[in-house]
Each structure stands twice: as C-alpha cells, then as structure tokens.
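A.B. asks: Predicted structure and sequence below. I'll ask about it afterward.
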Amino acid sequence: MSDRVQPTRTPAFEARLKKRYAAERRFKMLGLSAIVFSVAVLIFLLGNMTLNGLGGFQRAEMKVEIDLPEMGLSLPPSMQDANTAARALETQGLRDVVAFSASESLGDEAAQHLNAEAWRIVAQEIIADPSLLQREETFWLPVTEDLASAYAEDGQLALQPLARQLAEDGVLEDRFDPGFMTRADATDPQLVGIWGALKGSILTMIVTLLLAFPIGVLAALYLEEYAPKNRWTDVIEVSINNLAAVPSIIFGLLGLAVFLTIFPGYRSAPLIGGMTLALMTMPVIVISGRNAIKAVPPSIRDGALAVGASPVQVVFHHVLPLALPGILTGTIIGMARALGETAPLLLIGMRAFIATPPTGFTDNATVLPMQIFLWSDEIDRGFVERTSAAIIVLLIFLLLMNGLAIYLRNRFEKRW
Amino acid sequence: MSPVLPLLLALGLGLAGWLVARARAWGFKRSAKDGRIASLPTYHAWYAALWIAVPVVLFYLLWDAVAGQLVIAHVLASPEAQVLPDFGLRRDTILNEAFAIAAGNDVRTPNPDALALAEPIREAQSRYGMIGIVVSLLIAGAGAAWAFLRLKPDFTARTRVERLVLIGLLLASLVAILTTLGIFVTLVFETVRFFGMVSPIDFLFGTQWNPDPMSNPDNPEGDRYGAIPLFWGTLFIGAIIAMIVAIPLGMMSAIYLTQYAPPKLRAWVKPALEVLAGVPTVVYGYFAALTIAPAIRDFGLSVGFANPSSESALAAGLVMGVMIIPFVSSMADDSIAAVPQAMRDGSLAMGATTNETIRRVLVPAALPGIVGGVMLAISRAIGETMIVVMAASTAANLTANPLEAMTTVTVQIVSLLTGEGSFDHPATLAAFALGFVLFMVTLVLNFIALRVVKRFREAYE
C-alpha cells in the first residue's frame, strides 16, 4: 500500500476548472446579452415610434371666436347635403368671416397664420349643428405649417416669438386631432390624414383575401388529399415552396409586366395591388393549410368513408372543418405580411398622391405602408410626427392580426 | 363595363338556378316510389348553379380583356382622337386621363383633348358593356337549359359536381405553377430584350453603373450598364454587414433560449423576437433613415471621417441585420432542438460544461441546419427592398468602406421603374434583367438551403 493516491484536484486542475466555469459564465452572459440587445432594439424601435407618433395625432390649433349671428350667414334647411351646404356657406363668404374673426380676436399678425383650410372645419361644424349660427362660438382651428413648426421650436426663427406669445395667451396649443383618422393625404402636414390610405389598405386586403384564401385552401386540399405522387405534383409542390421564398419585389415585376398589361386602366387600383399581393400570400396559405390538413388524423377520413361518404364529402364535410382553425391562423399571418408589404406595390404604381379616399376596387388608391413611405420622403418637419403616427396605426393593426392568430391557435389547437 | 355587375349577375342567376333545381329535385324525391333518387337534391342544385355561373364568369373574364381593346380601338377611330399625338408616353397620358374622366374620377387639370375623348369613351364603354351583359344572359340561359334538361330522378348529379370540384382543386394548385411560370417568362422575356440592346458581358462584368433613362434608346451606351457595383453593394449590405449582426445575435439568442433560459423567460422572449420579424420593412426603413443613418453619420464625423455620407451602407445593413435576427434564431432553434437529447446528455455526463457541450457537440451536430438557415436569411436579405430603398443611396459605388453610400439591386429596380421611362428603353428593361439575376440567385440559395436542411434532418430520423 505504498502507492500514494494522487489528489484528483491538483492546483492545475483547480485553475483549469475555474477557467472553464468562467468561460461558462461568460458564454451564458453572451447569450443573455444577445437577447437583451434584440429586445432592447425592439423596445427602442417601438418606443421611438410611439413617442414621435403621439405628437402626430395632434396638431397646433388656434382659438378663434366667431360671432356667427352677426355675420348674417344662413343655411337653408333644403341644403342638407354636406357638399351643397359647404358650397353655400363658401359663397356666402364664410372664408372671409373666419379670417375676419381671427384678426378680431387674435390680431392681424396671428390671423395670417390661420390655415387656409380652417374655414372648412367651421363649415363642417355648422353643417353638423346648424344652431351654431344663432350664437357666438369658440373654434379651435389649425394654423399654418410655418407657425406649427415655430411652435415646436423649429423652423423659422422669426415666427418663434409670435408662437411663444400666442401660447402664453392660451390661444395656441397642440390639440388632439381626430381628423387624422378620417382625412386623406394632403400637401400640408397640418391637414393630412390616413383614412385614404387605410381604406386603400382595407380594399386591397379584401381583394387579396378573396383571391388567395380560396385558391390557397383548394390547392392545399388537392395536394394533401387527392394528388397522386408523380412528377406533376412534385412540380406543383416545388413551385409553391419556391414562391414562398421569392423576394416580394419580384412579384411587383410580375404585376407590372402582366397585370398592368392586361388591365392598363386600373393602374394603382386596389384590384391590381390585391391581385399582386394575393400571388404572394397564396403560397403561405397553401403551406400552412397543408400542415393543418396533415394534422387531421386518418381515422376521421376512414370513419367517414366507412359510412359511405364520397372522397369529396369526406374532405368538405369532415377534414376541412377540422383543419379550418389551422388554415385560418396561417391565413391571418399571411395577410399580416401582405398588409405590411410595400415593395411590390411600389412597382405597380400605387405611389401616387391621392387626396380623396378610394370608393371602389378600381379607384386610384394608396395603402398604409405606402403612405408611410411617401411621407418619409417629405422634408416638412410636421411629416415626421405624422409618419410615426401612421406607423403606430399600422403596427396596431399588425399586432391585432397576430394576436388573433395566436388566440386562434391556442383556442382551437387540438391534440388528437 | 364595371367588373361588379357581371359577377353579381352570375351569382344571382346561379343562386336562382340553385333554388329552382333543388325544388325540382325535391319534387323528384317526393314522387319517387321509395323516396330515393340517385343524388341528394343539393347536388342537383349545385349542378345547375355551376352550369349557369361558371360559363358566365369565364366569358366575362375573356370579355373584359377583349372589350378593353375594343373600346380603345373604337375611341381611336372616333373623330375626337384625330388630334392625338402619334405614339409614345404623351398619348398614353392623355388616354389614361380621358379614361379617368370617363370613369368620373377627379382630374385636377384636365387636358382639353382628354375631356373631348371622355364622351366617346363613355359611349363605347356602355355599348360594349351592353353587349357583354346580353351575351352573358344568353350564355347563362344556355347553361341553365343544358342543366335542367338533364335533371332527372336517376341523374347522378353528385358524381358530376364532384368531378367539377376536383377540377377546381387541380386548377387552384396550378396557380402556383402559373405564377412561377409567369415570373420566369416575364423576366426572361424582358431580359432577352435588354440583352438585345446591351451586351450581357457589359452588364455582368462592367464596373460603371449609370443608366440614363432620358438617353436615346437606339444608342444604349453599354458601358453605362455595368452591374458589378450593384452586386457588390447587395452582397456587402445583405450578406456581409447584415449577417455580421444577425448571425452572432441570432445564434446566441437561440442557444440561450434553448439551453439556458427558464421556460417563463422563453415564453416571453420568443414572441417578442417574432414581433421583430413581423414589423413591416417600411418601418425598419424609416427607422434606419431617420434614426440610425444620422447617428452613424455623426459617429463618422466624430472619429474624424472627412465627409461621411448620410446614406451609408452601414445604416441599411445594421437595421437589416436586426430584422433578420429572429429568422436566424428560429432556424437555429429548430436545428439545435433536433439534435438528439442523448448526445447532449452524453457530453454532460462526461463532465463537459454546458457551453462546452454546446460548442463542441450541439452546434457541430446542428451545423447543416444552421447553415441552411443562414442561407435562407441571406437570400431574404438580398431580396429585401424597403430598408435599402429608404436607407441606402442610389449612387453606385464600388468600395469596401461601410460608411460610404452604396446601392443595391433592389434599390435600382425600384428607381428604374418608378421614374419616367418608356417600356422600350434599356434603362427600364435593365430593371427586369436585375430582377432576373435576383430571382435566380435567391432561388439557388433557397434550393441549396432546403437541400442542406433536408439532408441533415434525415440523419437523425
């Protein structure tokens, strides 16, 4: 027993172990910091947009007192239609009335900076409530972009003292602008709104959904349930998988060269935009649809076949209803991607300045991401906040859609 | 003719046919001796409805294309059209304007020629619209007659309807092939036209990119169309800078989330990373152009760069890298999770620390999947458009300095196709040639990536 037992933990071993544990801790910290960085970027991105964008839902407005009875305006009850009523008020000189009252209550210098379209707001309020004409009323009206940026301590230095003075008097302040959600594009950041783009997005999405959903679901059913395994179906399968990975701008090239040649009259219409996006969304729906259909156990099919259902009845009465939640989840995710897509629409010409919201699928329209892109090119400072505000609206829509997809997945997920 | 009316017509007539046919089939069923007929009444109804609606819709799709051409021909033959300029962009502009006026759209400063043309357009549209409706009605009537003559108690409507359904399913799956084919044919067609004007050698190997959409199209200066700076810019931004950001961050996130993170953290962080992938690219582009690019410019100034560009490759690449992180991390996540638990346990049992296990066992075992994921990420990055359109520049520079302005293939496609150029000009066609290169490169990358991922997956199953 003379063999001395060596201690296993020699000092060299201890040192090595310490080093290895330190490496372990460093590695773990590295992993954690990668996650912290990614999440921090996300928070910074969202926070930056939110902080900038909250200002975008406001605009600088001036308090103007208008003694309407004194001005002798009248609104005949026959003119109920908003358009004719506005025109009647215009011919009676409402524009001058507003300008005059502004210089009465604010002074000439300030009145010059009342927005040229301010009288329309007065007109709208009068049309909404004709009894206004019988009393003196206080209106908050938008100012010019020059004064607004001076009020934001930016832009023309010469105007800043005036803006500060007016703000001290309590007649100039940033007020919530509900019209931002209901107006369309304009050249003046004080007057822009996103309803035109939002409506264009909605119309485009409807076209995309109507085309991509049925085609995608039917194609998924065919490939999963009926397709014989041969070269043809291989080609179909490969092309669907490839389409899902093709850069979106290529779909824009396709839309430009094919759809706009067939329908030259519908340039920048939601119809063409929706068709282009549908080609892009369809593979996503097919792939998720196939997974959902695959998840339906064969016993369901066998059971239905056993009681005498035809193959088509098996699919449409049994498999499809069971697979539908999964298909819907994939569809919503695909639609969310289409909603945020800009590049293909840029190529097919949905980048025009459009000051009236579209009324149909063939009207000229723009979409929300495109509106963001167009505004981001504007140099006026006011557009920065408006762009961020539009981004907030777009992100809210996307979060709602993704939330719905997650809810559907959790609510209807089945373990067979 | 408005597209809604014929579709409503087809739907309405189809519905009517459906109801009538079902009622009729119920009649058969009641009068049948044992109360049984060959197919359920619903199938009779669908048979009739399909025979009415499908031909009408098909006719309409055809007619819409034909009628558009007929309207244009009719309008061009009208006396008002004689004053139009012969060919080219101006004529198209006037015609487009005239169509817009005819459709009742608001045109801000109408051209008098366009105003004069609006009336003949409206007239021709309503005439061909009427013809379309009348023919649609005739076709619907013929379809209805055909269907109703065949409805009998022993008529096997179900087999017929189901055959049609199967054809519909097959057609739907053919859309994917048609789209792929459409993309391919369009790109090849326009690229061949482009190479008829500019030599492919000049295009693929030239180092000067400076197309001039206003130049004389008959004399395309081939030395203006050297795309090497674009390919380099695309590679530099998408495959180098973005990947330098995305691969380490994505890999480390995936490793931490799969190996270290407590389940609760994982449940929160994974969706957060997914949000990062769901943010629209136009938002990233805005973020890059407004926040990151100026910061980088200031940084460049502060470290003593003489004149850093406000549109740098670095800004676009960094933000694109952030966009790609969740993509890399979810692919790495999947492939690490696919490594058998026994390999991990074996390594740990031998006394390796977790990080040694990860680096020596898990990552090498998962490497094919990770490489496949990275290639998919690269293909996505080089096809990405909005970030580079907003944050990179349009100036083609062949440089390795990330603070310089650089342009990419997608930026050039957008800028060539959103300018004022005719479709016969090499500058416009160059966009399709670039698109073709982009399409082929991403296709090859995806193909290799899928192959790698597939082969790897088979190894453990």
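C.D. replies: Okay, I see it.

A.B. asks: Can you verify A:Thr8 is assigned to a strand?
C.D. replies: No. Looking at A:Thr8 with DSSP: H, G, I helix; E, B strand; the rest coil, it is coil, so not inside a strand.

A.B. asks: Just the pLDDT at it, thanks.
C.D. replies: Per-residue pLDDT puts A:Thr8 at 72.

A.B. asks: Wait, B:Asp154 touches B:Ala32, no?
C.D. replies: No. Using Cβ atoms under 8 Å, B:Asp154 is not in contact with B:Ala32; the gap is 9.4 Å. Backbone N, C-alpha and C define where each C-beta goes, glycine included.

A.B. asks: for the residue of the stretch 351-461 of chain B found nearest chain A, what are its contacts?
C.D. replies: Relative to chain A, the nearest point of the stretch 351-461 of chain B is B:Gly383 (2.5 Å; Cβ to the nearest Cβ). Contact analysis of B:Gly383 by Cβ atoms under 8 Å, 6 or more residues apart in numbering or on different chains lists A:Val246, A:Pro247, A:Ser248, A:Ile249, A:Ile250, B:Thr410, B:Leu438, B:Thr442.

A.B. asks: got a list of what the residue nearest to A:Asn52 when sequence neighbours are not counted touches?
C.D. replies: Closest residue in space to A:Asn52, ignoring its immediate chain neighbours: A:Ser388 at 3.7 Å, by Cβ to Cβ, 6 or more residues apart in numbering or on different chains. By Cβ under 8 Å, 6+ apart, the contact list for A:Ser388 reads A:Asn48, A:Met49, A:Thr50, A:Asn52, A:Gly53, A:Gly55, A:Gly56.

A.B. asks: Which residue, neighbours along the chain excluded, lies closest to the last one?
C.D. replies: Excluding its sequence neighbours, the residue lying closest to A:Gly56 (Cβ to Cβ, 6+ apart) is A:Ala389, at 2.7 Å.

A.B. asks: Burial check on that neighbour, number of neighbours?
C.D. replies: Burial measure for A:Ala389: 26 neighbouring residues, criterion other Cβ atoms under 10 Å in any protein chain shown.

A.B. asks: Give me the buried positions along the helix or strand hosting B:Asp113.
C.D. replies: Using DSSP states H and E, B:Asp113 sits within helix B:112-150. Judged by neighbour count (16 or more other Cβ atoms under 10 Å in any protein chain shown), helix B:112-150 contains these buried residues: B:113-114, B:116-118, B:120-122, B:124-125, B:128-129, B:132-133, B:136, B:139-140, B:143-144, B:147-148.

A.B. asks: now check it, is it near chain A?
C.D. replies: No. Under the criterion of Cβ under 8 Å from any Cβ of the partner chain, chain A is not reached by helix B:112-150; the shortest gap measures 10.0 Å.

A.B. asks: who has more neighbours, B:Asp154 and B:Ala32?
C.D. replies: B:Ala32 (13 against 9).

A.B. asks: what about the closest residue to that one other than its chain neighbours, neighbour count?
C.D. replies: Leaving out its chain neighbours, the residue that sits closest to B:Ala32 by Cβ to Cβ, 6+ apart is B:Pro153, at 5.5 Å. Applying other Cβ under 10 Å, we find 16 residues neighbouring B:Pro153.

A.B. asks: B:Pro153 sits in which helix or strand?
C.D. replies: B:Pro153 belongs to no helix or strand when assigned by DSSP H and E.

A.B. asks: pLDDT score for the closest residue to B:Asp154 other than its chain neighbours?
C.D. replies: Distances taken as Cβ to Cβ, 6+ apart put B:Ala38 closest to B:Asp154, at 4.9 Å, once the chain neighbours are dropped. Confidence at B:Ala38, expressed as pLDDT, is 81.
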